[in-house]
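1. Generate a structure from the sequence data that follows.
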Amino acid sequence: MTTPIEVSGSESEAQPEAVLAGVGAKQIQGRSLGQIAWLRLRRDKVALTGGVIVVLLIVVAIVGPFLVQSPLTYHQDLIDPTFNRPNSGIWHTGISGDHWLGVEPGTGRDMLARIVHGARISLLVAFLATLLSVVIGVVLGITAGYFGRWVDTVISRAMDAFLAFPLLLFAIALVGVVSDGAFGLKGNGLRVSVLVFVIGFFNWPYIGRVIRGQTLSLREREFVDAARSLGARNGYILFKELLPNLVAPILVYSTLLIPTNILFEAALSFLGVGVIPPTPSWGGMLTLAVPIYSSDPMYMIVPGLAIFITVLAFNLLGDGLRDALDPRAK
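-> Numbering: from 1, shown residues only. As a prediction, this is how the structure comes out:
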């Protein structure tokens, strides 16, 4: 037999009020889902780095054009007329204290100014196109997932059709049709509107499929059944019960859709259906660099790096948000 453990009376007699009040114990504070996601995101240094770069890019796109020189100013005195390239700087790029990234071959326009102004066009088109895709994709995706049956069938087949649509060919044809003006718009205003419409309107199925799949799972949950039993209408359930629970996937896939739209805009500008020259754009700069990259490779490297860094930063931030907002993550 073992000797019984002796327990003093003061320690063995627990006071219910003291236990409930947490006397002698550390208070436990609950955390919201947002606080948990932020703590996870703070531990992901790679995602934070991407987020910092994204914020800097947005600031540069908004404030930068007011701080740099005009991207349309020619500096012919910096161009070698024999080789039609900058006559100074490292590897004849024109890099100097006045032109940190060099000058454009043939014209002498400042590369930094053109990159900064091009960032405004790329981010503007990408953000507006993403907003259009998210609005259409969320509305149709949540509708298809909730109602099911023939509604789901029609919307799902529409998604398949949009995904199979030749986007680049349509954009080239559309720009040719409305080149003189349409809907009261002309010039670069028309070109930006066409880019936003083409990229945003034909990319909504990507996020629409994600939202549809999430809605199929959520519509069987208890809180949806409770809302139905209380007589809630379909519109209330869709936008008051289901939509708040879809904020996390919407945020994540929106962040991942932005870099894709940046690449689309650069590709369309490269094919000549972007903004009208001499307005700078990253894709347009790559187009001008193709015939002269052998004599001045820096003119292709600079806009290429701008696209690469921007897309990489958004992808890193999107991956970090996906991990932080995943309820199964620890």
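2. so what's the nearest residue to residue 78 once chain neighbours are set aside up against?
-> Once its chain neighbours are removed from consideration, residue 78 has its nearest residue in residue 108; the separation is 4.6 Å (CB to CB, 6 or more residues apart in numbering). Bear in mind the C-beta positions are built from the backbone N, C-alpha and C, glycine included. Taking CB atoms under 8 Å, 6 or more residues apart in numbering as the contact definition, residue 108 lies against 74, 75, 76, 77, 78, 79, 86, 94.
3. let's go with 7 Å and repeat that
-> Applying CB atoms under 7 Å, 6 or more residues apart in numbering to residue 108 gives the contacts 74, 75, 76, 78, 79.
4. nearest to residue 277, of the residues you listed?
-> Out of those, the one with the shortest distance to residue 277 is residue 74. That distance is 13.7 Å, counting by CB to CB.
5. So the closest one versus residue 297, what's the distance?
-> In this structure, residue 74 and residue 297 are 22 Å apart, going by CB to CB, to the nearest Å.
6. So, low pLDDT: which residues of the stretch 101-250 of the chain?
-> By pLDDT under 70, the low-scoring segments of the stretch 101-250 of the chain are 179-181, 183.
7. just the strands in it please.
-> Counting by DSSP state E, counting those that start in this stretch, one finds no strands in the stretch 101-250 of the chain.
8. thinking again about what came up before, which of the contacts of residue 108 sits closest to residue 174?
-> residue 74 (32.6 Å).
9. any idea of the pLDDT on the spatially most central residue of the chain?
-> Centre of the chain computed as the mean C-alpha position; nearest residue by CA atoms, centre = their mean is residue 258, 2.7 Å away. What the model reports as pLDDT for residue 258 is 92.
10. try residue 20
-> Confidence for residue 20, expressed as pLDDT, is 49.
11. Mind giving me the packing neighbours of the helix ranked longest in the chain?
-> Taking residue count as the measure and DSSP state H as the definition, the longest helix of the chain comes out as helix 111-147. Helices and strands in packing contact with helix 111-147 are listed as helix 45-63, helix 149-163, helix 188-201, helix 204-218, helix 247-270, helix 282-289, helix 298-324; criterion 3 or more CB pairs under 7 Å, 6 or more residues apart in numbering; DSSP states H and E.
12. I'd like the secondary structure assignment at residue 98, please.
-> Counting by DSSP: H, G, I helix; E, B strand; the rest coil, the backbone at residue 98 sits in coil.
13. ok, how many other residues are close to it?
-> One way to gauge burial is a neighbour count; for residue 98, by other CB atoms under 10 Å, it gives 12.
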